[in-house]
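**Q** A structural model of the following input is requested.
(one chain, ligands or ions: 2)
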Amino acid sequence: MDLVRPRGTEDVFPEAAARWRALEGVCRSLARRYGYGELRTPTFEHSEVFHRHLGDATDVVQKETYDFKDRGGRQLTLRPEGTAGAVRAFLQAGLQGGPLPCKLFYVTLSAFRYERPQAGRLREHHQFGCEVLGSGDPSTDAELIALVADLLRELGVQGFGVRLNSIGDPACRPAYLEALRTYYRPLLPELCPDCQARFQHNPLRLLDCKRDREAVAGAPRAADHLCAACAAHFALLRGHLDALGIDYAVDHTLVRGFDYYTRTVFEFVSGELGAQNSILGGGRYDGLVASMGGPALPAAGFAVGMERLLAVAGGLPADAPPLDAYVAAEEPREALLACQALRRAGLAADMDPLGRSLRAQLRAADRRGATWAVIRQAPERARDVALLRPLRDPDAPQREVAWSAFLADPGRLLRHGAAG
Ligand SMILES: [Zn+2]
Ligand SMILES: [Zn+2]
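**A** Ligands and ions are numbered 1, 2, ... in the order given. Below you'll find the predicted structure:
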């Protein structure tokens, strides 16, 4: 079979789509309550939007984007995440000159990465993310973390935790990186190849290594090398989280590898202690807007893979919404008329286009979870009525109504039920 979906992509059928809609509803509702407006950006951008700002030689992101030339010879990239496009859009629209902070969210944003198939990861996945542009205040960082905590709580995620760190800013980070290098230099010969490369290009990422754990454990900590302004910011953030009743653990191995990331880094994890899985990450990127050609404007945000959220969510409906009425008619045209009247009355209705027996049609109605069967077979046609049969409530009696009255106002007749 040639016509199969590309590796690393998914088809979503109605039952799963209902869970997606429920998840999107939770995300949208939270974003609204937290004062965000929705942003939609293109699926592809000029390649430099991503390549100058995400990943580096030691990072997989750089090698795993979908890059292509269009027919006009432009070099384009399918977005691997949402932040760079959001900042590009923000700057292009001139929003830096408007009221700040600017709070934007995106939901079900498709993101593309050419990941190795054995990792079992999707090459097209979907993200929910929030970006706050134009606020450097620690209350913004606290608010982002509070939003994520509320999100996971509303999704019924059990036992999640927050890891938190501050990685300083351009004032204090150079001295910290020097301290890291001084610590790591004598250890280098025994470290893994990735660490050898990180030592050269991106020393903060040395703390990310899952193999050289002993070296990481003894490494100098960013939080001990903060300048006064960064230390005050971090202390205020922790105080805000304490006040909000949000538990967190300071983890000095939590880092982001780029100059434009500043101060706050956070990560939400789930699972048993010792086998914790990252759900999502976020933090502050005060240098990103400037690095993309804008003014020096502080910013912070987070993004989460929605497939990951669906996997950990306990409290989302799994069923497709049922029908209000199934029209079991003998004549397809009468079924069409009844369905038209029902649908215009705001009800979900369906019919049998295949001319099957009443018994088969009632089975279909049951399978679809219909609340009512609207029966219009030979006996009903002879008396010019419709038979309204409740399918969900075994105690409710069925009842006959004039066919013309049903077509005129099916909503009233069904809402009032058999007693009406
Ligand atoms: Zn290593
Ligand atoms: Zn600092």
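**Q** helix/strand/coil for L76?
**A** When classified by DSSP: H, G, I helix; E, B strand; the rest coil, L76 comes out as strand.
**Q** in contact with the nearest residue to L207 once chain neighbours are set aside, which residues?
**A** Excluding the flanking residues, the one nearest L207 by CB to CB, 6 or more residues apart in numbering is T253, at 4.6 Å. For every residue, glycine as well, the C-beta is placed using N, CA and C. T253 sits next to 165, 207-208, 216 when contact means CB atoms under 8 Å, 6 or more residues apart in numbering.
**Q** ranking these by neighbours, who comes first?
**A** The most crowded member of the contacts of T253, judged by other CB atoms under 10 Å, is N165 (25 neighbours).
**Q** quick check: phi and psi at that residue.
**A** With angles defined as degrees, to the nearest 10, N165 sits at phi -150, psi 160.
**Q** ligand 2 versus V26, what's the distance?
**A** Distance from V26 to ligand 2, counting by CB to the ion, to the nearest Å: 36 Å.
**Q** mind giving me the packing neighbours of the helix or strand where that residue lies?
**A** For V26, the enclosing helix or strand under DSSP states H and E is helix 14-33. Packed against helix 14-33, as judged by 3 or more CB pairs under 8 Å, 6 or more residues apart in numbering; DSSP states H and E, are the following elements: strand 102-112, helix 138-154, helix 306-312.
**Q** which residues of the chain lie near ligand 1?
**A** The chain has residues 191-192, 195, 209, 211-212 near ligand 1, with proximity defined as CB under 5 Å from the ion.
**Q** tell me which entries of these lie within strands.
**A** The strands, defined by DSSP state E, take in nothing from these.
**Q** partner residues bridging the residue nearest to the spatial centre of the chain?
**A** Geometric centre of the chain, nearest residue: F128, 2.9 Å, by CA atoms, centre = their mean. For F128, the beta-bridge partners are V304 (DSSP bridges).
**Q** so it touches A303, yeah?
**A** Yes: using CB atoms under 8 Å, F128 is in contact with A303, at 7.1 Å.
**Q** for ligand 1, see how far away the residue nearest to the centre of the chain is.
**A** The span separating F128 from ligand 1 equals 32 Å under the rule CB to the ion.
**Q** which residues touch the nearest residue to R19 once chain neighbours are set aside?
**A** Nearest residue to R19, sequence neighbours excluded (CB to CB, 6+ apart): L316, at 5.0 Å. Shown in contact with L316 (CB under 8 Å, 6+ apart): 19, 22-23, 26, 155-156, 310.
**Q** distance to L358 and neighbour count added to these, as a markdown table?
**A** A markdown table is the format used below for the contacts of L316 (distance: CB to CB, whole Å; neighbours: other CB atoms under 10 Å):
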| residue | distance to L358 | neighbour count |
| --- | --- | --- |
| R19 | 34 | 17 |
| A22 | 35 | 17 |
| L23 | 39 | 22 |
| V26 | 41 | 20 |
| L155 | 43 | 19 |
| G156 | 42 | 11 |
| L310 | 39 | 16 |
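**Q** identify, from those, the entry nearest to W372.
**A** W372 lies nearest to A22 out of the contacts of L316, by CB to CB, at 24.7 Å.
**Q** tell me who's in contact with the closest one.
**A** Applying CB under 8 Å, 6+ apart to A22 gives the contacts 316-317.
**Q** ok, back up a step: out of the helices and strands packed on helix 14-33, which is closest to L342?
**A** strand 102-112 (30.1 Å).
**Q** is it correct that L347 falls within a helix?
**A** No: per three-state DSSP, L347 lies outside any helix segment and is coil.
**Q** for it, give me phi and psi.
**A** As for L347, its main-chain torsions (degrees, to the nearest 10) stand at phi -100, psi 150.
**Q** dihedrals phi and psi, the closest residue to it other than its chain neighbours?
**A** Distances taken as CB to CB, 6+ apart put D324 closest to L347, at 4.0 Å, once the chain neighbours are dropped. Per-residue torsions, D324: phi -80, psi -40 (degrees, to the nearest 10).
**Q** isn't D324 right up against L342?
**A** Yes: assessed by CB under 8 Å, D324 is found in contact with L342 at 7.0 Å.
**Q** where do the contact lists of those two overlap?
**A** Common neighbours of D324 and L342 are listed as 349, 414 (criterion: CB under 8 Å, 6+ apart).
**Q** between the two, which one's more packed in?
**A** Between D324 and L342, L342 has the larger neighbour count (other CB under 10 Å), namely 26 against 22.
**Q** quick one: residues contacting the residue lying closest to that one once chain neighbours are set aside.
**A** Excluding the flanking residues, the one nearest L342 by CB to CB, 6+ apart is A349, at 3.7 Å. Residues near A349 by CB under 8 Å, 6+ apart: 323-327, 338-339, 342-343, 374.
**Q** just the buried residues of the helix holding V26, please?
**A** Going by neighbour count (16 or more other CB atoms under 10 Å), the buried part of helix 14-33 is 18-20, 22-23, 26-28, 30-31.
**Q** closest residue of the stretch 51-200 of the chain to ligand 2?
**A** Here the residue of the stretch 51-200 of the chain nearest ligand 2 is C172; by CB to the ion that distance is 3.4 Å.
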